[in-house]
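Quick one, structure for this:
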Amino acid sequence: MDPITQEMFSSGSSHHEINPAGFTLTAGGGGGATISGSSSMMGSPSGSSSSASASGVSSPPTTLSRYENQKRRDWNTFGQYLRNHRPPLSLSRCSGAHVLEFLRYLDQFGKTKVHNQLCPFFGHPNPPAPCPCPLRQAWGSLDALIGRLRAAYEENGGKPEANPFGARAVRLYLREVRDSQSKARGISYEKKKRKRPPPPPPPPPSGALPPPHQLL
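Residues are numbered from 1 along each chain as shown. The predicted structure is shown next:
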C-alpha cells in the first residue's frame, strides 16, 4: 500500500475517521482503504460487465496491478475532496491552486517528523530523543501521489495542457517540500548516478590478420 494511504489510515480493526473536509474515510481490517458514499470518477476498465452481457459471454474479471489500484483510490479520494469542497468544485474548474490545497490538507495525516529551525535536532537524520515538531507527509509520498493523479486525469479525458497536477505551482511546491525536508531531516533526496559499465571492445575488422600467437 502506498505511504500516503498508510499515513491516512491506521491499521487494525475497521474504523471511521471524520476529516475536516466533511467526508468519512474508512479503513478495513485488511488494510484496504475506501471512502464511504463516494462515486468513482474513474472510467470502467476494458472488458466491462455490460459489454460481456451484451455479447452473452462472461469475461473473467480484470485484475489490476498494485499501481493501478492505488491510482484509482487516489483519484476517487481527490474526487470526493472536490465534492466536499466549499463551495463544491467541479473537476473542469480545478486548478493548480486547488491541488495545493489538497496536498496541504493531506499533511494532517502525515507521519514524517519535520524539524523546524529552532529544534535542536534540525538537520539530524537520527534524532536521539522525541521533539514537538509537526508531522508531515513525506516528499516522496507526495511526489508519487501527484504522478498517479496526473496520469489518472489524462486517462479520464483531461487535456494534458490543462492538467492541474502538472501545473508549475505544483512542481514548485514539491521542489520546496523536497528541499525543506532534506534540510530539516538531514537527508539527501538526490538520485545517485549509476556507473555505466565500460563499453565492450570493438570487433576486429573483417579480413584482419589474427594475432601472432594464433599463426603458430
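
From residue 74, how far off is residue 119?
Residue 119 sits at a distance of 32 Å from residue 74 (criterion: CB to CB, to the nearest Å). In short, each C-beta sits where N, CA and C put it, glycine included.

These two: who's more crowded?
residue 74 (22 against 16; other CB atoms under 10 Å).

Spatially nearest residue to that one (excluding sequence neighbours)?
residue 148 (5.1 Å; CB to CB, 6 or more residues apart in numbering).

Could you look up the next helix or strand downstream of whichever strand or helix holds residue 69?
Following DSSP states H and E, the helix or strand that holds residue 69 is helix 66-83. Using DSSP H and E, the helix or strand that follows helix 66-83 in sequence is helix 96-106.

Could you spell out the sheet neighbours of the helix or strand just after that next one, each with its direction?
Downstream of helix 96-106, the next assigned helix or strand under DSSP H and E is strand 112-113. According to DSSP bridges, strand 112-113 forms sheet pairs with strand 135-136 (antiparallel).

And the following helix or strand past the partner strand, what's buried?
Later in the chain than strand 135-136, the nearest helix or strand by DSSP H and E is helix 139-155. For helix 139-155, the neighbour count (16 or more other CB atoms under 10 Å) marks 139, 141-142, 144-146, 148-153 as buried.

Looking at residue 85 now. What's its pLDDT?
pLDDT for residue 85: 89.

cool, and residue 191?
At residue 191, pLDDT is 62.

do the one 4 residues further on as well
Residue 195 is assigned a pLDDT of 66 by the prediction.

residues near residue 84, how many?
16.

Where does pLDDT dip in the chain?
1-61, 190-196, 204-216 (pLDDT under 70).

and residue 200, how many neighbours does it have?
Look at residue 200: counted by other CB under 10 Å, it has 6 neighbours.

That one in helix, strand or coil?
Following DSSP: H, G, I helix; E, B strand; the rest coil, the label given to residue 200 is coil.

Tell me which residues touch it, please.
With contact set as CB atoms under 8 Å, 6 or more residues apart in numbering, residue 200 has no partners.

cool, residue 160 as well?
By CB under 8 Å, 6+ apart, the contact set of residue 160 is 154, 166.

do the one 10 residues further on as well
Residues in contact with residue 170, defined by CB under 8 Å, 6+ apart, are 96, 99-100, 103, 146, 164.

Repeat the analysis, applying 7 Å as the threshold.
Residue 170 is in contact with 96, 99-100, 146, counting by CB atoms under 7 Å, 6 or more residues apart in numbering.

Figure out the helix or strand that it lives in.
helix 168-185.

Could you tell me the angle between that helix and helix 96-106?
Between helix 168-185 and helix 96-106, the angle comes out at 30 degrees (axes from the mean of the first three to the mean of the last three CA atoms, to 10 degrees).

got the buried residues for helix 168-185?
170, 173-174, 177-178, 181, 184-185.

right, and the pair among those residues with maximum separation?
170 and 185 (21.9 Å; CB to CB).

Am I right that residue 143 is in contact with residue 174?
Yes - if you go by CB atoms under 7 Å, residue 143 and residue 174 touch, sitting 5.6 Å apart.
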